[in-house]
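>>> Task: produce atomic coordinates for the following.
(chains A, B and C, ligands or ions: 2)
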Amino acid sequence: MAGAAVLGRLTWRVATVLDVRPETARAKTLVLGVDGWPGHRAGQHLDVRLTSEDGYQAQRSYSIASAPRQDRLELTVERIDDGEVSPYLAGDDLREGDRFEVRGPVGGYFVWRSDAAGDVLLVAGGSGIVPLMAMVRQRAEETSPVPTRLLYSARSWDDVIYRDELERLAGAGFEPLFTLTRSQPAGWTGYARRVDASLLGEVAPTPPAATFVCGPTPFVEAAASALVGLRHPPERIKTERFGPTGG
Amino acid sequence: MLDGNAVAGLLQEVFGTDVTAATGTCASCTAVDAVGAVHVYVAAGVVLRCPHCGSVLMRVVRSDKRLWVDLRGLRSLQLESI
Amino acid sequence: MPIVSRGFKGKRRGEGPSDRVPPGQYLTDDFPVLSAGPTPHTPVDQWDFTITGEVDELTRWTWDEFRALPSETFTVDIHCVTKWSKLDTVWEGVRLDTLLERVETAVDYATAYCDGGYTTNVPLADLAGGRAWVVYGYDGELLDPEHGGPARLLVPHLYFWKSAKWVRGLRLTATDEPGFWESNGYNLYGDPWREQRYWGD
Ligand SMILES: Cc1cc2nc3c(=O)[nH]c(=O)nc-3n(C[C@H](O)[C@H](O)[C@H](O)COP(=O)(O)OP(=O)(O)OC[C@H]3O[C@@H](n4cnc5c(N)ncnc54)[C@H](O)[C@@H]3O)c2cc1C
Ligand SMILES: [Zn+2]
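Ligands and ions are numbered 1, 2, ... in the order given. Alright, predicted model coming up:
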């Protein structure tokens, strides 16, 4: 079935909001039911299209946060205050029963193969955790033994999306590491600096079999070039840039 | 700047299948990269650029009725046959 | 038919007065940044503006020479083909008339060329008559690199993709030669009032 998810014509489908869960002050998880959803692979995203009463449309991409399954899927959207789409999806008004359009899943490059051998490094900046979380969740569901280390950079402990779940999933070969770049809770023993070559060198002293880096464009650029500088083979590093689109 | 992942949907409209996992050869510098990994700029249309030399690999313009695709900067595209 | 998302309005401010806002456009207060490539950041001591092509003599201005030309501060509305329009934008720069009066040519078309390789074609008639400028100031400040600084072309009566960022010169041509977008789907002329967005519009 894995291949089927990336094949065939793309059509816009109606997504119905089944549930909305706050994750942090700025991020919400939307549980969606999508008629005819073909299933997805961890790491893929979909395109969301919103249409106003008078026909105005806006389209953005959102990663799928949930592990692959057919009947429902989850997105996690972080609100960007002067944004057009994220304040709608992660705002206070969206509720159960609301509908918008999605197409996908799309993307066959930034995907995790649960049958691949070798250890995995996941590097997330902010909402860049979302597609990596699909990988972490699938790994847990399949009780995969693949050694997986997550380095997750967030501004503060309260900005860490999926915090409790990540801590709960720790162990059995999964090691979540956090770096908090703006403020740290009292007694914080994790990292408290930006993701750079020295931090990545500590977290991944030897190049893993596969690395996935995702987050805002400057974060991804910095992390990926630091890894290459540490002599990680570039072909083992996959990146996904969330934007912003300017510049 | 974004990357090829961000336009996976648009490219699937163009090619009828996912091409972000396909590899493209830059016509200017012959570097080979996964389409998902190349640099993408979104303006009046979408511009894919070689991450090594900056040359335009592909341009896609979309109207309500049509798609225009300029592939001059791409020497070759390798897809997995299924 | 696409389904309507309850309560979604978008960021636009509305459609605005129909004598100011062309069909199919929405007003914005933002100044969206659209770029077909990375921002070049050319230092002004390496910048010049050149008129070449079908001309009797190549004409070139350095940055200092260019800044010494008669300039004006003016207010116009701009219309991007991606459907946003912005009213009352204030610019400072040199009229194309001022540049073109130095040049002898028998041809009717121009291609603007830019740092980064972008090009766009405009009939010379549209660059003349006080309807087009090379601008280096926006809203009382030097033009920001992300909006085209040190200097961009400004042809506000055509869609904004014609107002090439990081412009470095004009090449005058006998025929209308499609530029970067015009060669792949976008309209050769681009009049927003006639909604000339794409080929065949
Ligand atoms: C492949 C892909 C997957 C994505 N997955 C997710 C996801 O799972 N969750 C999620 O929350 N977002 C995700 N994004 C980002 C998302 O598509 C939107 O860009 C984001 O929600 C902002 O949209 P907006 O309409 O609210 O803002 P816009 O109206 O597009 O932008 C408003 C302002 O915010 C700036 N801006 C835009 N995007 C960002 C950003 N990411 N960070 C900081 N500033 C920004 C813009 O430059 C602009 O100034 C993904 C992007 C891509 C390309
Ligand atoms: Zn190249």
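
>>> Does stretch B:2-18 reach ligand 1?
Yes. Stretch B:2-18 is in contact with ligand 1 by C-beta under 6 Å from any ligand atom, via B:Leu2, B:Asn5, B:Ala6. Where C-beta positions appear, they are placed from N, C-alpha and C, glycine not excepted.

>>> Considering those, which is situated nearest to ligand 2?
Checking those against ligand 2 with C-beta to the ion, the nearest one is B:Leu2 at 17.8 Å.

>>> Next up, the contacts around the spatially most central residue of chain C.
Centrality entry for chain C: nearest residue to the mean C-alpha point is C:Ser163, 0.8 Å, by C-alpha atoms, centre = their mean. Residues in contact with C:Ser163 (C-beta atoms under 8 Å, 6 or more residues apart in numbering or on different chains) are C:Ile78, C:Gly148, C:Arg152, C:Leu153, C:Leu154, C:Val155, C:Pro156.

>>> on contacts alone, who are the packing partners of the lengthiest strand in chain A?
With DSSP state E setting the assignment, residue counts place strand A:13-22 as the longest strand in chain A. Here strand A:13-22 is seen to pack against strand A:27-34, strand A:99-106 when contacts are counted using 3 or more C-beta pairs under 8 Å, 6 or more residues apart in numbering or on different chains; DSSP states H and E.

>>> Quick check: buried residues in that strand?
Within strand A:13-22, the residues that qualify as buried are A:Ala15, A:Val17, A:Val20, counting by 16 or more other C-beta atoms under 10 Å in any protein chain shown.

>>> ok, which stretches of chain C are strands?
According to DSSP E, the strands that chain C contains are C:26-27, C:48-53, C:59-62, C:72-79, C:84-95, C:109-114, C:119-123, C:133-138, C:141-142, C:152-154, C:167-173.

>>> Lowest mean pLDDT across the ones you listed, which one is that?
Ranked by mean pLDDT, the strands of chain C bottom out at strand C:26-27, with a mean of 92.

>>> Does that one reach ligand 1?
No. Strand C:26-27 stays clear of ligand 1 (C-beta under 6 Å from any ligand atom), getting no nearer than 13.2 Å.

>>> Could you tell me how many residues sit around C:Val103?
Close neighbours of C:Val103, defined as other C-beta atoms under 10 Å in any protein chain shown, add up to 18.

>>> quick one: contacts for the residue nearest to B:Ala43 when sequence neighbours are not counted?
Nearest-residue entry for B:Ala43: C:Leu34, 4.0 Å, with adjacent residues in sequence omitted and distances by C-beta to C-beta, 6 or more residues apart in numbering or on different chains. Residues near C:Leu34 by C-beta under 8 Å, 6+ apart: A:Gly246, B:Val42, B:Ala43, B:Ala44, C:Cys80, C:Thr82.

>>> show me what contacts the closest residue to C:Arg102 other than its chain neighbours?
The shortest distance from C:Arg102 to any non-neighbouring residue, by C-beta to C-beta, 6+ apart, is to C:Thr59 (5.2 Å). C:Thr59 makes contact with C:Thr50, C:Ile51, C:Leu99, C:Arg102, C:Val103, according to C-beta under 8 Å, 6+ apart.

>>> go with 6 Å
The neighbourhood of C:Thr59, defined by C-beta atoms under 6 Å, 6 or more residues apart in numbering or on different chains, consists of C:Ile51, C:Arg102, C:Val103.

>>> Output these in a markdown table; the columns should cover distance to ligand 1.
Below are these laid out as a markdown table (distance: C-beta to the nearest ligand atom, whole Å):
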| residue | distance to ligand 1 |
| --- | --- |
| C:Ile51 | 35 |
| C:Arg102 | 40 |
| C:Val103 | 39 |
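
>>> Now do the same for whatever residue of chain A ends up closest to chain B: its pLDDT.
Using C-beta to the nearest C-beta, the closest approach of chain A to chain B is made by A:Tyr109 at 2.7 Å. Reading off the per-residue confidence, A:Tyr109 sits at a pLDDT of 98.

>>> What's the nearest residue in chain A when you look at ligand 1?
When C-beta to the nearest ligand atom is the measure, chain A has its nearest residue to ligand 1 at A:Gly83, with 2.1 Å between them.

>>> Chain C now?
Distances from chain C to ligand 1, computed as C-beta to the nearest ligand atom, single out C:Lys11 as the nearest residue at 6.3 Å.

>>> before we move on, the earlier item: where's the residue of chain A closest to chain B, which helix or strand?
Element membership of A:Tyr109 [criterion: DSSP states H and E] is none; it lies in no helix or strand.

>>> That one is in contact with B:Val35, isn't it?
No. A:Tyr109 lies out of contact with B:Val35 (C-beta atoms under 6 Å); the separation is 7.0 Å.

>>> Helices along chain B, start to end?
For chain B, the helices defined by DSSP state H occupy B:8-15.

>>> before we move on, back to that, intersect the residues of stretch B:2-18 next to ligand 1 with the contacts of chain A.
If you filter these for contact with chain A, counting by C-beta under 6 Å from any C-beta of the partner chain, you are left with B:Leu2, B:Asn5, B:Ala6.

>>> quick one on the thing from earlier: and A:Tyr109 and B:Val35? which has more neighbours close in?
Per other C-beta under 10 Å, whichever of A:Tyr109 and B:Val35 has more neighbours is B:Val35, with 29 against 24.

>>> Which residue is the nearest non-sequential neighbour of that one?
With sequence-adjacent residues excluded and distances taken as C-beta to C-beta, 6+ apart, B:Val35 is closest to B:Gly4, at 4.5 Å.

>>> same thing with A:Arg26?
The shortest distance from A:Arg26 to any residue that is not its chain neighbour, by C-beta to C-beta, 6+ apart, is 4.8 Å, and that residue is A:Arg79.
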